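A.B. asks: Sequence and predicted structure, then a few things I'm wondering about:
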Amino acid sequence: MTITQLQQLLRQAVGDAARELFNIADLQIVSEVPPKTELGDLAFPAAFELAKRIKQSTGEKSNPRSIAEGLKEKLETFDFVSKVEVAGAGYLNVFFNRPRFLKENVDAHPLPSLSKKDGEKFCVEHTSVNPNKAAHIGHVRNSVIGDTFVRILRATGQRVEIQNYIDNTGVQVADVVVGFVYLEKMDLAAIRGLDEKLKAEGRTFDYYCWDLYARVGQAYQTDDELKAKRAEVLHLIEAGGNETAVLADFVATRNVECILRTMERFSIRYDLLPRESEILHLHFWAKAFEQMKELGVIHLESEGKNAGCWVMPFEEHAGNDEHEGDKILVRSNGTVTYTGKDIAYQMWKLGILGMDFFYKPFFEYADGQKVWITTADESQHIDGAPEFGHGKKVYNVIDTRQSYTQDVVKKGVAAIYPQEGEAASVHLSYEMVALSPAAASDLGFELSEDDRKRSFIEMSGRKGLGVKADDLLDRLEKNALAEVESRHAELETERKAFIAHQLAVGALRYFLLKFTRNTVIVFDFNEALSTEGETGVFCQYSAVRSNSIFRKLADGGESLNHIRGLIRDEEKVAEIFNSEAGNDVWAIFVLAARLEETLKQAAAANEPAILAKYTFQLAKAFNFFYHNHKILPEPDETKRAVLIVVADRIRQSLTEALATMGIEVPERM
RNA sequence: GGAGACGUAGCUCAAUGGAUCAGAGCAUCUCGCUACGAACGAGAAGGUUGAAGGUUCGAGUCCUUCCGUUUCCA
């Protein structure tokens, strides 16, 4: 009986009791964690809600406390419940039977659903960096949120496909191509040569493009002729089948490879790279257009300023002329808008478009895992390719500035697909990572008068303003290595470097996850580089120390299984838990047992920060426990066994919680 | 001009409408390593949750109006 199962049982029981005693059937029963262990292990505020409902239906005021008293009796009969109390204004507080609960959970896996593969299939799209430059820290926020969310879904038993959308035919790629062709006067052969040269010098193609992109942006401001080239190049790239398009494809592909390598450093991987070029060349839009016309969710405007346009009516957005532009899917000149294309693509993700890409392998990770990429060429298609798309639900990790567009896409798709409706498309939005004016000038950027007064400055690829992901990770690894060096000089060089890498990833991933999604992160070097306080390194440190207890135990020839057998005496264990110090031990054990529940909460709220906060809380709780109890030297055999079993449970939950955030526990640190 | 987000300790952030004191981290000031690891812990100090109304058993959280910051659309 895990805490989640027990919770479900009790919730059911409260619901049954409400129906039986008050004839209220559709009550949503919620449970809470009481603020202190002294107030119990699980709380139900159901009596408040019942009082409200009784007042609504009968007009009579009733006392939540007396309602709670009625419910209380129904819960006391449960096996794992030692007592139930009515507290405060009408809370129903449940206390678990501590020895029984400990005994039952002593060797339970903290995430029982992790190995299940029978859940619904979801698609998560994240990263989606324009393939014209290196990734900066803002892109990493996207990827880390997305990757962590994938891990959370998987930990709760779902099947997840990870997509990284590649906009290889957009203006951003066109800009870099303009730079190569018109500023650098390079053709494809010359760019290939440059790529080889960079490799030989230990430099990377995406960094080169980063600088070139910024130069193009600057040149546009004074050179109108160059700016005119942009539209021309963009048109050629979109059309395909010409020299410029081939050159652009090389540039985009090299950048994608670089970005994949960068993300792999953060333990972030993908299943599929769907490309914009195939959405265009396979005419996804035409297929969607056909369906929409048939279903009548779109119509040809015959009069007004949108005459000749195909538009989709949105009730929620009606009544404001300025916003009508977003409802236009096909302009009067016959070209399709971005919204139109996005709707077609979203339909593919949900498996309702009625057509598919062709697929070929693109990249292979060191362990053999493959990343697939889309192709428009049927002859390149590999027959054994997995089935992509067909998500029951689709999560798009895209920053909050795209909220309006995402909303239009969601509503558009829902009109075509009323069976699942708006719930099938989730915009996992997050705020940007910005720079403080101080951080921007630290990076060597000249700031305007106005910029200096701002509370933060947006990173901009176009301006070359940003903290590059690899640079920051390099810096974190270097700092961590110095620390490892000073603490464990005896280790081999490679092992030290590996530990430093694990710590650097832990620091950065945690840093990006501890903020809730709609908080703007104003990037601060000191904060991001810190390894003290609320950091990933802090959590890793707790896990490493907990592991060292068990290393000592094994060195002494003791088996954990034998120790687990020493807690069978329920009376003795109850006595230990009921002492003042034992109460704290119990509180920590329960906290560790709440990992699964926390993940469900994080998944339901689409909020990975909930997991980060929990992990930190657990690490802190372990430190408290560790400082207050001498575990291995404890003379009383039963108490020692209880302490060891609790420590084991904490380290397992802590390790799994960190793993779900993509953070590893080093062997030493 | 229209739509959204945000405003909580000196700073950076938490807090499914719930409990007695609105919690963490950083910074500041004390204190603790011959211990299962101090990248740690204990303690002190720090708040009219931007303002004013409203809803109810109960509001940092919901509603209205202001003020401020910010993003998107035009």
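C.D. replies: Arrived safely. Numbers count the residues shown, from 1 in each chain, chains lettered A, B, ... in the order given.

A.B. asks: close to RNA strand B, is stretch A:459-472?
C.D. replies: No. On the criterion CB under 7 Å from any atom of the strand, stretch A:459-472 is out of touch with RNA strand B, staying 10.1 Å away. Yep, even glycine has a C-beta here, placed from its N, CA and C like the rest.

A.B. asks: no no, stretch A:554-573
C.D. replies: No. For stretch A:554-573 and RNA strand B, the contact criterion (CB under 7 Å from any atom of the strand) is not met; the two come no nearer than 10.3 Å.

A.B. asks: what helix or strand does A:Leu553 sit in?
C.D. replies: Element membership of A:Leu553 [criterion: DSSP states H and E] is helix A:536-555.

A.B. asks: how about that helix: buried residues?
C.D. replies: Of the residues in helix A:536-555, those buried by neighbour count under the rule 16 or more other CB atoms under 10 Å are A:536-547, A:549-550, A:553.

A.B. asks: Name the residues of the helix or strand A:Ala190 falls within that are buried.
C.D. replies: Counting by DSSP H and E, the element that carries A:Ala190 is helix A:188-200. Within helix A:188-200, the residues that qualify as buried are A:Leu188, A:Ile191, A:Asp195, A:Leu198, counting by 16+ other CB under 10 Å.

A.B. asks: and which of those residues is nearest to A:Trp348?
C.D. replies: Closest approach between these and A:Trp348, by CB to CB: A:Leu188, at 30.8 Å.

A.B. asks: Excluding residues flanking it in the chain, which one is nearest that closest one?
C.D. replies: A:Leu247 (4.7 Å; CB to CB, 6 or more residues apart in numbering).

A.B. asks: Next up, the contacts around the one you found.
C.D. replies: Residues counted as contacts of A:Leu247 (CB atoms under 8 Å, 6 or more residues apart in numbering) are A:Val177, A:Phe180, A:Val181, A:Asp187, A:Leu188, A:Ile191.

A.B. asks: How much space separates the fourth one from A:Cys258?
C.D. replies: Distance of A:Asp187 to A:Cys258, computed by CB to CB, to the nearest Å: 21 Å.

A.B. asks: returning to that earlier point: restrict the buried residues of helix A:536-555 to those near RNA strand B?
C.D. replies: A:Val537, A:Phe538, A:Tyr541, A:Val544, A:Arg545, A:Ile549.

A.B. asks: With adjacent residues omitted, what lies nearest to the third one?
C.D. replies: Counting by CB to CB, 6+ apart, the nearest residue to A:Tyr541 once its immediate chain neighbours are dropped is A:Met669, at 6.3 Å.

A.B. asks: Give me the neighbour count for that neighbour.
C.D. replies: The number of residues packed near A:Met669 is 21, by other CB atoms under 10 Å.

A.B. asks: I'd like the distance between it and RNA strand B.
C.D. replies: Here A:Met669 is placed at a distance of 4 Å from RNA strand B (CB to the nearest atom of the strand, to the nearest Å).

A.B. asks: same question, A:Ile152
C.D. replies: To RNA strand B, A:Ile152 is 15 Å away according to CB to the nearest atom of the strand.

A.B. asks: OK, contacts around that residue?
C.D. replies: For A:Ile152, the set of contacting residues under the criterion of CB under 8 Å, 6+ apart consists of A:Leu599, A:Ala602, A:Ala603, A:Pro608, A:Leu611, A:Thr660.

A.B. asks: Equivalent analysis for A:Glu76, please.
C.D. replies: A:Glu76 touches A:Lys83, A:Val84, counting by CB under 8 Å, 6+ apart.

A.B. asks: Just give the nearest non-adjacent residue to the residue in the stretch 301-450 of chain A that RNA strand B sits nearest to, would you?
C.D. replies: With CB to the nearest atom of the strand, the shortest gap between the stretch 301-450 of chain A and RNA strand B falls at A:Arg401, namely 3.7 Å. Once flanking residues are discounted, A:Arg401 sits nearest to A:Met432: 7.3 Å by CB to CB, 6+ apart.

A.B. asks: With A:Cys258 instead?
C.D. replies: By the measure of CB to CB, 6+ apart, the closest residue to A:Cys258 outside its immediate chain neighbours is A:Asp206, 3.7 Å from it.

A.B. asks: Kindly report the same for A:His390.
C.D. replies: Spatially, and ignoring its direct neighbours in sequence, A:His390 is nearest to A:Gly351 (3.4 Å; CB to CB, 6+ apart).

A.B. asks: neighbours around the one you found, how many?
C.D. replies: Neighbours of A:Gly351 under the rule other CB under 10 Å: 18.

A.B. asks: With A:Arg331 instead?
C.D. replies: Counted by other CB under 10 Å, the residues lying close to A:Arg331 total 15.

A.B. asks: Which neighbouring residues are in contact with the closest residue to it other than its chain neighbours, exactly?
C.D. replies: In space, not counting the residues next to it along the chain, A:Arg331 is nearest to A:Cys309; the distance is 5.7 Å by CB to CB, 6+ apart. Neighbour list for A:Cys309: A:Leu300, A:Glu301, A:Ile328, A:Leu329, A:Val330, A:Arg331, A:Ser332 [criterion: CB under 8 Å, 6+ apart].

A.B. asks: what does the model give A:Cys309 for pLDDT?
C.D. replies: Confidence per residue is given as pLDDT, and for A:Cys309 that number is 88.

A.B. asks: The one 3 residues further on now?
C.D. replies: The pLDDT attached to A:Met312 in the predicted structure is 85.

A.B. asks: so what's it up against?
C.D. replies: Going by CB under 8 Å, 6+ apart, A:Met312 touches A:Met292, A:Val297, A:Ile298, A:Lys327, A:Leu329, A:Gly412, A:Ala415.

A.B. asks: now it: how far from A:Gln419?
C.D. replies: To A:Gln419, A:Met312 is 18 Å away according to CB to CB.

A.B. asks: next one: A:Arg275
C.D. replies: Taken as CB to CB, the spacing of A:Arg275 relative to A:Gln419 amounts to 29 Å.

A.B. asks: Between those two, which has more neighbouring residues?
C.D. replies: It is A:Arg275, of A:Arg275 and A:Gln419, that has more neighbours when counted by other CB under 10 Å, with 24 against 7.

A.B. asks: is it true that the more buried one touches A:Lys360?
C.D. replies: No. Counting by CB atoms under 8 Å, A:Arg275 sits too far from A:Lys360 to count as a contact (11.4 Å).

A.B. asks: got any residues that touch both of those two?
C.D. replies: A:Ile373.

A.B. asks: Give me the distance from the host helix or strand of A:Val150 to the chain's centre.
C.D. replies: Secondary structure assignment for A:Val150, by DSSP H and E: helix A:137-155. Computed by CA atoms, centre = their mean, to the nearest Å, the chain-centroid distance of helix A:137-155 equals 3 Å.

A.B. asks: What about the residue nearest to A:Cys258, how many residues nearby?
C.D. replies: Using other CB under 10 Å, the number of residues around A:Asp206 comes to 25.

A.B. asks: Please name the residues that touch it.
C.D. replies: For A:Asp206, the contacting residues are A:Lys133, A:Ala134, A:Ala135, A:Arg254, A:Asn255, A:Cys258, A:Ile259, A:Thr262, taking CB under 8 Å, 6+ apart as the criterion.

A.B. asks: Look at it and tell me its secondary structure.
C.D. replies: helix (DSSP: H, G, I helix; E, B strand; the rest coil).

A.B. asks: A:Val397 now?
C.D. replies: Using three-state DSSP, the structure places A:Val397 in strand.

A.B. asks: do the one 4 residues further on as well
C.D. replies: In three-state terms, and counting by three-state DSSP, A:Arg401 is helix.
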